[in-house]
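Peer 1: A predicted structure for the sequence below; I have some questions about it.
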Amino acid sequence: MDSVGRWVRSKLGFSAATPDLPIDPAGTEVNELLQHVTTSPGEKVVWVALMGVTGAGKSTFIKHCVDDPVTVGHTLRSCTEKVQAYMFNHKDTKVVLVDTPGFDDTQRSDVEVLRELATWLKMTYENNIKLDGIIYMHRITDVRMQGSAAKNLLMFKKLCGDSALSRVILATTRWEEMALNPMTADDREKELKDTESFWGFMVKKGSKMQRHYNNRDSALKLINHYLPGEGNAGSLGIQDEMVRDKKGLSQTEAGQELERDLNEQRDRLGVDIVYTKQMLKESLEVRDEESTQQLEKHRKKLDEQIQKIEAEKKALERGLEKFEELPYWKRLFRIWNNEMGMLRGRRERVIEELESLESDKKNVNARIEEKKPWKHGVAKAGVKAA
Ligand SMILES: Nc1nc2c(ncn2[C@@H]2O[C@H](COP(=O)(O)OP(=O)(O)O)[C@@H](O)[C@H]2O)c(=O)[nH]1
Ligand SMILES: [Mg+2]
């Protein structure tokens, strides 16, 4: 048996023939997070999630607050592949900012994004982590609420549910880009607020609107709404649905919305394929080879798209990944990956501790030096004699 195999056997004590991995490493991810966020007695922790379309400015916002660098997307590829938490200290409070992927990820389907988000939200909720706030970011430069902006907003509402809306801040970004058109920007902001299906409904339910000016002060001003973080934290709609009501992902409001969207896409493709087949039949009858070739190509493409949609629907139906149902190698990888994560975290903390001890040692040495009698003009001999 290779060394990895031996390691796993020794680690978990199962027989290689009938592997049985009893622990759920997804839980250890949250444990690791909690270890990082451990507080001394009396210290407060405030959890704030950032949501919104890719490019709205979530990672940049975090970068303004947290010293550790966050990858900031300068291209259309979305950078936040995973839900990621970042912590910083602000006014005697530990603030944890949670970066989330948008529902327009160029690398992943909406179903994958929802599964990722839902898994994180479920795990944290089960570990008693509640969100004090949710900041929804939107570019004031967006001319219309269409496409990915509209989809993200709709999904956000479905994830949140009504009861969390009082903890939501709707933040507009990129104001400096509207410096030459302040009236247009003001009009857009007003439209967001006055249109029921944009932000109107949420504002009525207690969400606040605030401009974010792309600097640290402005970011902290937003965070200040959630300080000191006593008793305001609560769950999101989807957390209640999954944990309290024990709904499967496809049964949640957000899951249903995605299913509706997938069905619509599939129906549209279905109509297209009927027309294409009809035209194909006609072009075959008149032996128009060029058109036949093109139509065949188009039909193949449609078939592929339909298959992709069907696969997404199945993934949604499967719901959250269950550890026990993962293939063997994936379970091993998860365990290894989490173990590595824990060890890296521990190493960081040990290094921090060592540095702090090193600095203590220096201070103590300096004080010893300082206290030596001859520093104060007392002769060594004199001290000996005494
Ligand atoms: N002008 C301007 N650019 C911004 C602002 N916020 C973010 N950006 C830029 O927009 C791009 C995407 O930002 P990012 O924070 O990665 O967006 P995310 O996908 O929401 O995390 C980056 O090039 C940022 O520098 C803002 O308030 N003003
Ligand atoms: Mg990002």
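Peer 2: Perfect, I can see it now. Ligands and ions are numbered 1, 2, ... in the order given.
Peer 1: count of neighbours near whichever residue of the chain sits closest to ligand 2?
Peer 2: Residue nearest to ligand 2 within the chain: S59 (3.3 Å; Cβ to the ion). C-beta coordinates here come from the backbone N, C-alpha and C atoms, glycine included. Using other Cβ atoms under 10 Å, S59 has 22 neighbouring residues.
Peer 1: what does K91 give?
Peer 2: K91 has 12 neighbours, counted by other Cβ under 10 Å.
Peer 1: what about the residue of the stretch 251-386 of the chain found nearest ligand 1, which helix or strand?
Peer 2: Closest contact between the stretch 251-386 of the chain and ligand 1, by Cβ to the nearest ligand atom, is at A254 (19.1 Å). Per DSSP states H and E: A254 is located in helix 253-285.
Peer 1: could you point out which element follows that helix?
Peer 2: With DSSP H and E, the next secondary element past helix 253-285 is helix 289-318.
Peer 1: what is the orientation angle of that next one with helix 253-285?
Peer 2: 160 degrees (axes from the mean of the first three to the mean of the last three Cα atoms, to 10 degrees).
Peer 1: quick one: mean pLDDT for helix 289-318?
Peer 2: Averaged across helix 289-318, the pLDDT comes to 94.
Peer 1: from I135, how far off is the spatially closest residue to the residue of the stretch 251-386 of the chain closest to ligand 1 that is not a sequence neighbour?
Peer 2: Distances taken as Cβ to Cβ, 6 or more residues apart in numbering place K158 nearest to A254, at 4.1 Å, with adjacent residues excluded. Counting by Cβ to Cβ, to the nearest Å, the gap from K158 to I135 is 17 Å.
Peer 1: tell me which strands and helices the helix holding A254 is in contact with?
Peer 2: With contacts taken as 3 or more Cβ pairs under 8 Å, 6 or more residues apart in numbering; DSSP states H and E, helix 253-285 sits against helix 110-126, helix 147-160, helix 237-239, helix 289-318.
Peer 1: now do that helix: distance to the chain's middle.
Peer 2: Distance of helix 253-285 from the chain centroid (Cα atoms, centre = their mean, to the nearest Å) equals 32 Å.
Peer 1: for it, list every residue counted as buried.
Peer 2: Across helix 253-285, burial judged by 16 or more other Cβ atoms under 10 Å covers 253-255, 257-259, 261-262, 266, 269, 272-273, 276, 279-280, 283.
Peer 1: neighbours of whichever residue of the stretch 201-350 of the chain sits closest to ligand 1, just the number please.
Peer 2: Nearest residue of the stretch 201-350 of the chain to ligand 1, counting by Cβ to the nearest ligand atom: N214, 3.3 Å away. By other Cβ under 10 Å, the residues close to N214 number 16.
Peer 1: so it: helix, strand or coil?
Peer 2: At N214 the chain is in coil, as set by DSSP: H, G, I helix; E, B strand; the rest coil.
Peer 1: now K94
Peer 2: K94 is classified as strand under three-state DSSP.
Peer 1: nearest residue to it in space, ignoring adjacent ones along the chain?
Peer 2: V45 (4.6 Å).
Peer 1: where does the one you found land in three-state SS?
Peer 2: With three-state DSSP as the basis, the three-state label of V45 is strand.
Peer 1: and what of the one 10 residues further on?
Peer 2: On the three-state scheme (three-state DSSP), G55 is labelled coil.
Peer 1: list the contacts of D261.
Peer 2: Applying Cβ atoms under 8 Å, 6 or more residues apart in numbering, we find D261 in contact with D110, K151.
Peer 1: how far off centre is the helix or strand hosting M342?
Peer 2: Following DSSP H and E, one finds M342 within helix 328-371. Helix 328-371 has its C-alpha centroid displaced from the chain centroid by 26 Å (Cα atoms, centre = their mean).
Peer 1: domains of this structure?
Peer 2: As assigned by automatic domain parsing, the chain contains the domains 25-246, 256-318, 329-385.
Peer 1: for N215, give me phi and psi.
Peer 2: phi -140, psi 170 (degrees, to the nearest 10).
Peer 1: just give the closest residue to it, not the sequence neighbours.
Peer 2: H64 (6.4 Å).
Peer 1: okay, the angle between the helix holding A254 and helix 110-126?
Peer 2: 170 degrees.
Peer 1: helices and strands of this structure: which one bottoms out on pLDDT?
Peer 2: Here the helix or strand of the chain ranked lowest by mean pLDDT, DSSP states H and E is helix 3-12, holding a mean of 47.
Peer 1: from E348, how far out is M342?
Peer 2: 11 Å.
Peer 1: now K221
Peer 2: Distance of K221 to E348, computed by Cβ to Cβ: 30 Å.
Peer 1: likewise C65?
Peer 2: When distance is defined by Cβ to Cβ, C65 is 19 Å away from E348.
Peer 1: ok, now I134?
Peer 2: 28 Å.
Peer 1: tell me which of these two has more neighbours.
Peer 2: Between I134 and E348, I134 has the larger neighbour count (other Cβ under 10 Å), namely 24 against 11.
Peer 1: before we move on, what SS does the more buried one have?
Peer 2: Here I134 is strand, with the state taken from three-state DSSP.
Peer 1: report the beta-bridge partners for it.
Peer 2: When bridges are called by DSSP bridges, I134 pairs up with A49, V168.
Peer 1: list the contacts for it?
Peer 2: V48, A49, L50, M51, C160, A164, R167, V168, I169, L236.
Peer 1: wait, isn't M145 in contact with W199?
Peer 2: No - counting by Cβ atoms under 8 Å, M145 stays clear of W199, with 9.4 Å between them.
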